[in-house]
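Enquirer: Provide a 3D model corresponding to the input given below.
(one chain, ligands or ions: 3)
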Amino acid sequence: MVSTADPLSITPAALRVRRLGEPGIVSPMAELLQSRVSSPHYVHELDRVLLDDTVDGAAARLCDVADLPSLEPGGPREYIYFDPAATRAAIVTCGGLCPGLNNVIRGLVLELADNYGVTEVLGFRDGFRGLVGDSEPVRLTHDLVAGIHNRGGTILGTSRGNQDPSRMVTTLQHYGVSLLFVIGGDGTLRGAAKIADEAVRRGMRLAVIGIPKTIDNDIPFIDQSFGFQTAFTRATDSIKSAHTEASSTPHGVGLVKVMGRHSGFIACYAALASHDVDFVLVPEMPFSLAGESGFLAKLRHRVRRQGHAVVVVAEGAGQDLFEYDGAVDASGNARLADIGALLRQRIIDDYAATREELSLRYVDPGYAIRSVPANAWDAVYCLRLAQAAVHAAMAGRTAMVVGRWHGRFVHIPIPVATGGRNQVDPNGDLWMSVLEATGQPERLF
Ligand SMILES: Nc1ncnc2c1ncn2[C@@H]1O[C@H](COP(=O)(O)OP(=O)(O)O)[C@@H](O)[C@H]1O
Ligand SMILES: O=P(O)(O)OC[C@H]1O[C@](O)(COP(=O)(O)O)[C@@H](O)[C@@H]1O
Ligand SMILES: [Mg+2]
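Expert: Ligands and ions are numbered 1, 2, ... in the order given. Here you go, the predicted structure:
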């Protein structure tokens, strides 16, 4: 995976996580920590996780090992900044749904209460909107979060739409909140950074910790975002159906559209998991429809040779085939043109032009891949992210997100996590796997 934020442009200073002050309170977890020793599976809080994971990448920095860009590891600290007895936390979920939101909420509530003794946890409803409206937040107790990890969606609700950071901080001040956990994607994290900055301006001791959420897996410097695995697993059901339909009829074409606004990870992973797919079309790889090397000709060729073909298209693919009308959603995200409908029509027209037989089946799983409960892998990941988020907040870190990088839990400053977009690299090993598994030409234009 690659980020459009060039890792080489990242300096050690950019990876420094902001702190509210010196942690001077012995953590309730200190005893447990004292028996720990550094091991390949335990990164001590003073150790650092390297940003680069290849010798060439590190060597290109032309600096001493100690000066290599590195990330602060996640995990509990012996000393914390906030006195648990005098601490109130708040949680908000924003942006599109994603499997695992409820797991993260429950993980935060239980970690705060059971391991730190922070029992005052407020849930603000309907995303950032809940921080500016009149509705009262809900008190998140053990009882209230019982069993929620088995459900999709978010018990707090979510929304899109920008809100005034000043009003949001006023609300947090009103409720005496000192830890804010913000669960959301790139847009949400930009909003979280504004809240953290406004709190600093007011001299308010507020730790703002993001837990990055997106089924698109488009946040940089994070191996994989929670919910992504569940989402692409669900997408494979649609691909299986499309394949069964296409391969059971003469000249069958199965066309499946999956989510993925700017990044085609869901399409790539679902296609690889199915291993029955002939073409994967993603936003990162432009293609043309007409012409000898274009998609339609290559599809026809595959159907002739194989008897059927399966195509997986990410919703953000081929947007250059449309004239963009400038439409945006409430959060300012570009509204995409319907590439699924266009492909379907163009395939039908193309076959009709030569009166060749075609049996096209179009499957769009839509929201079905993201409104489901987290699978077991994501459930583990969500819980561990929630634990890491609580440790970071209690230690007085702010304006950061928790994530996993090279398999280790780390703290990433929000500007780094929102400074680019994780996308499928045309030169990377993932896209190579897709080309190997599908046999589709490297270029479709
Ligand atoms: N640049 C920004 N600054 C402040 N808030 C933002 C920004 N971009 C998005 N938001 C807010 O964050 C929330 C979620 O953003 P959105 O883009 O819809 O989803 P996601 O967080 O999944 O990317 C919305 O309330 C949106 O208005
Ligand atoms: O219809 P909605 O709710 O705006 O969501 C659609 C978008 O949400 C996503 O699932 C994820 O986007 P975000 O998580 O960044 O909101 C995209 O794949 C999709 O384009
Ligand atoms: Mg987003």
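Enquirer: is Val138 in a bridge, and if so with what?
Expert: Applying DSSP bridges to Val138 gives these bridge partners: Gly123.
Enquirer: give the contact list for it.
Expert: By Cβ atoms under 8 Å, 6 or more residues apart in numbering, Val138 lies in contact with 122-123, 125, 144, 156. Yep, even glycine has a C-beta here, placed from its N, CA and C like the rest.
Enquirer: and the two most separated of those residues?
Expert: Across these, no pair lies farther apart than Arg125 and Leu144, at 12.9 Å, counting by Cβ to Cβ.
Enquirer: higher neighbour count, these two?
Expert: Looking at Arg125 and Leu144 with other Cβ atoms under 10 Å, you find the greater number of neighbours at Arg125, namely 20 against 15.
Enquirer: check which helix or strand the more buried one maps to.
Expert: Using DSSP states H and E, Arg125 maps to neither a helix nor a strand.
Enquirer: ok, for the residue of the chain found nearest ligand 3, nearest residue in space, not its chain neighbours?
Expert: Of all residues in the chain, Gly185 sits closest to ligand 3, at 3.7 Å by Cβ to the ion. Once flanking residues are discounted, Gly185 sits nearest to Thr214: 4.1 Å by Cβ to Cβ, 6 or more residues apart in numbering.
Enquirer: can you report how many residues neighbour the one you found?
Expert: Residues near Thr214, counting by other Cβ under 10 Å: 28.
Enquirer: quick one: name the residues of the stretch 51-200 of the chain near ligand 3.
Expert: Within the stretch 51-200 of the chain, the positions near ligand 3 by Cβ under 5 Å from the ion are 185-187.
Enquirer: so is the residue in the stretch 251-400 of the chain that ligand 1 sits nearest to in a helix, a strand, or just coil?
Expert: As assessed by Cβ to the nearest ligand atom, ligand 1 sits closest to Ser331 within the stretch 251-400 of the chain, at 3.2 Å. Three-state call for Ser331 (DSSP: H, G, I helix; E, B strand; the rest coil): coil.
Enquirer: that one - how many residues pack around it?
Expert: The number of residues packed near Ser331 is 20, by other Cβ under 10 Å.
Enquirer: repeat that for Gly252.
Expert: So Gly252, with other Cβ under 10 Å, has 23 neighbours.
Enquirer: does it have any beta-bridge partners, and if so which?
Expert: Judged by DSSP bridges, the bridge partners of Gly252 are His308, Ser359.
Enquirer: one step back: which of the residues of the stretch 51-200 of the chain next to ligand 3 lies closest to Ala242?
Expert: Gly185 (27.7 Å).
Enquirer: over to the closest one: give its phi and psi.
Expert: phi -90, psi -150 (degrees, to the nearest 10).
Enquirer: for this protein, give me the ranges with low pLDDT.
Expert: Where the chain drops to pLDDT under 70, the residues are 1-5.
Enquirer: distance between stretch 346-353 and the chain's centre?
Expert: Relative to the chain's own centre, stretch 346-353 is displaced by 37 Å; criterion: Cα atoms, centre = their mean, to the nearest Å.
Enquirer: is it correct that Arg88 is in contact with Pro137?
Expert: No: in this structure, Arg88 is not within contact of Pro137 by Cβ atoms under 8 Å, at 10.4 Å.
Enquirer: pull up the overlap in contacts between those two.
Expert: Common contacts of Arg88 and Pro137 (Cβ under 8 Å, 6+ apart): 122, 175.
Enquirer: buried sites along stretch 37-57?
Expert: Using 16 or more other Cβ atoms under 10 Å as the test for burial, stretch 37-57 gives 43, 48-52.
Enquirer: actually stretch 147-162, not the one I wrote
Expert: Quick answer for stretch 147-162 (16+ other Cβ under 10 Å): 148-149, 152-160.
Enquirer: and what of stretch 426-437?
Expert: 430-431, 434, 437.
Enquirer: keep only those of those residues that are in helices.
Expert: Residues of the buried residues of stretch 426-437 located in helices (DSSP state H): 430-431, 434, 437.
Enquirer: quick check: residues of the stretch 251-400 of the chain near ligand 2?
Expert: Within the stretch 251-400 of the chain, the positions lying close to ligand 2 (Cβ under 6 Å from any ligand atom) are 259-261, 315, 329, 370.
Enquirer: ok, now with 8 Å
Expert: Applying Cβ under 8 Å from any ligand atom, we find that the stretch 251-400 of the chain lies next to ligand 2 at 259-261, 266, 315-316, 329, 331, 333, 336, 367, 370.
Enquirer: buried subset of those residues as a ChimeraX selection?
Expert: ChimeraX command restricting these to the buried ones, with burial defined by 16+ other Cβ under 10 Å:
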select :259,260,261,266,315,316,331,333,336,370
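Enquirer: thinking again about what came up before, quick check, nearest of the buried residues of stretch 147-162 to ligand 2?
Expert: Nearest member of those to ligand 2, counting by Cβ to the nearest ligand atom, is Arg160, at 6.5 Å.
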